[in-house]
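**Student:** Let me see the structure of the following:
(one chain, ligands or ions: 1)
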Amino acid sequence: MEEHDPNNISCPYLLDRIYLIIFASIHTTAIAITNVILSLASRPEYMQELYEEQLKVHKETNVNGIIPFEALSDMKKLDSFIRETLRLSVNVAGIDHLVKKDYTFSNGLQIPKNCITSIYIDDVYRDEPKSFEPFRHLDINIASKVTKNFLTFGNGKHTCPGRQLAVNNIKFFMHNVILKYNFRTVSSKIEESRGTGFTALPVETSTAGVIFEKRV
Ligand code: HEM
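**Tutor:** Predicted structure coming up:
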């Protein structure tokens with residue numbers, strides 16, 4: 001791909017970039033939604049609590065069957081469930097960055113310029129227990145909030161700028177699915193994302209079946 005010259009805007013260059021962002025944003029959000037569906041289907045014991053919350057939000061806020069954007073902040077339990085799923089379904093390593101100048105860490109470890117580094121994300125998450133506790137983040141109520149031990153959306157200068165949009169989409173989607181269906185895994189067991197190398201993708205690799213039953 002050609003280099004970007006701010007004094008001579010190239011339409012093909014910009015379109016290439018936009019195409020990449022659209023592709024990446026849809027793919028990452030779809031993976032996250034699949035993880036949340038699998039996560040809840042694996043733990044149907046939380047379904048009723050989440051259903052009651054969605055029903056309350058729907059009854060209190062819907063206008064002609066449509067809920068307003070502001071209603072998203074009333075879905076505290078759903079938000080926490082999503083964050084806990086995102087916390088525990090990340091890749092073992094990732095968030096690759098190019099080192100732009102020689103760098104020495106405080107412990108003496110040196111990384112030369114032009115190296116590509118990956119973060120050992122799995123290790124960062126050991127700051128908190130690895131057990132799935134869906135309502136651990138109730139006080140945060142913004143599943144996209146970046147903290148030192150929550151790296152799903154990266155951190156620092158290049159933190160994902162689409163994270164709020166992604167979480168909003170996941171919340172709207174889950175709100176509607178929970179209101180319409182009861183669902184559980186075919187195996188009645190917890191189905192995890194399956195790792196391929198250091199990545200964890202539910203979509204391509206998981207063969208877990210999920211049964212959806214329409215609510216009456
Ligand atoms: C659940 C969904 C998503 C996940 C897990 C995700 C994750 C990430 C991660 C880990 C990064 C790298 C951050 C870093 O280098 O520190 C990133 C960057 C980025 N994301 Fe997302 N993302 C998601 C959705 C989206 C959406 C919906 C959009 C756009 C509408 C988007 C646009 C971007 C862009 C433009 C960057 C590059 C930022 C930069 O380099 O400064 N992402 N994302």
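**Student:** mind checking how far the closest residue to Tyr120 other than its chain neighbours is from Ile121?
**Tutor:** Excluding its sequence neighbours, the residue lying closest to Tyr120 (C-beta to C-beta, 6 or more residues apart in numbering) is Ala93, at 5.4 Å. Just so you know, the C-beta spots here come from the backbone N, C-alpha and C atoms, and that holds for glycine as well. According to C-beta to C-beta, to the nearest Å, Ala93 stands 6 Å off from Ile121.
**Student:** Burial check on the closest residue in space to Lys180 that isn't next to it in sequence, number of neighbours?
**Tutor:** Leaving out its chain neighbours, the residue that sits closest to Lys180 by C-beta to C-beta, 6+ apart is Arg215, at 6.1 Å. By other C-beta atoms under 10 Å, 9 other residues sit near Arg215.
**Student:** per-residue pLDDT, Arg215?
**Tutor:** Per-residue confidence for Arg215 comes out at a pLDDT of 96.
**Student:** That one against Leu179, yeah?
**Tutor:** Yes - between Arg215 and Leu179 there is a contact under C-beta atoms under 8 Å: 7.4 Å.
**Student:** thinking again about what came up before, how about the residue nearest to Lys180, what does it touch?
**Tutor:** By C-beta atoms under 8 Å, 6 or more residues apart in numbering, Arg215 lies in contact with 179-182.
**Student:** now do Phe183
**Tutor:** With C-beta under 8 Å, 6+ apart, Phe183 has these contacts: 37, 40-41, 44, 47, 177, 210-213.
**Student:** would it count as being in a strand?
**Tutor:** Yes - when DSSP: H, G, I helix; E, B strand; the rest coil is applied, Phe183 is found to be in a strand.
**Student:** Report the beta-bridge partners for it.
**Tutor:** Phe212 (DSSP bridges).
**Student:** State the distance from it to the ligand.
**Tutor:** 20 Å (C-beta to the nearest ligand atom, to the nearest Å).
**Student:** so where's the longest helix in this protein?
**Tutor:** helix 11-42 (DSSP state H).
**Student:** Close to the ligand: what parts of this protein are there?
**Tutor:** Contact residues, the chain versus the ligand (C-beta under 6 Å from any ligand atom): 21, 25, 28-29, 32, 95, 152-156, 158-162, 165-166.
**Student:** Just to be sure, which of the residues you listed are found in helices?
**Tutor:** 21, 25, 28-29, 32, 165-166.
**Student:** The residues you listed: which two are farthest apart?
**Tutor:** The distance between the two most remote of those (C-beta to C-beta) is 16.3 Å, for Ile21 and Ala32.
**Student:** more neighbours, these two?
**Tutor:** Ala32 (22 against 12).
**Student:** got the phi/psi numbers for Lys76?
**Tutor:** phi -60, psi -40 (degrees, to the nearest 10).
**Student:** and the residue lying closest to it once chain neighbours are set aside, how many neighbours?
**Tutor:** Excluding its sequence neighbours, the residue lying closest to Lys76 (C-beta to C-beta, 6+ apart) is Asn141, at 5.1 Å. The tally of other residues near Asn141 (other C-beta under 10 Å) stands at 16.
**Student:** One more: Thr185?
**Tutor:** For Thr185, the count of nearby residues is 18 (other C-beta under 10 Å).
**Student:** and it, how far is that from Ser39?
**Tutor:** Going from Thr185 to Ser39 by C-beta to C-beta gives 10 Å.
**Student:** Where does pLDDT dip in this protein?
**Tutor:** Along the chain, segments meeting pLDDT under 70 span 1-4, 194-199, 201-206.
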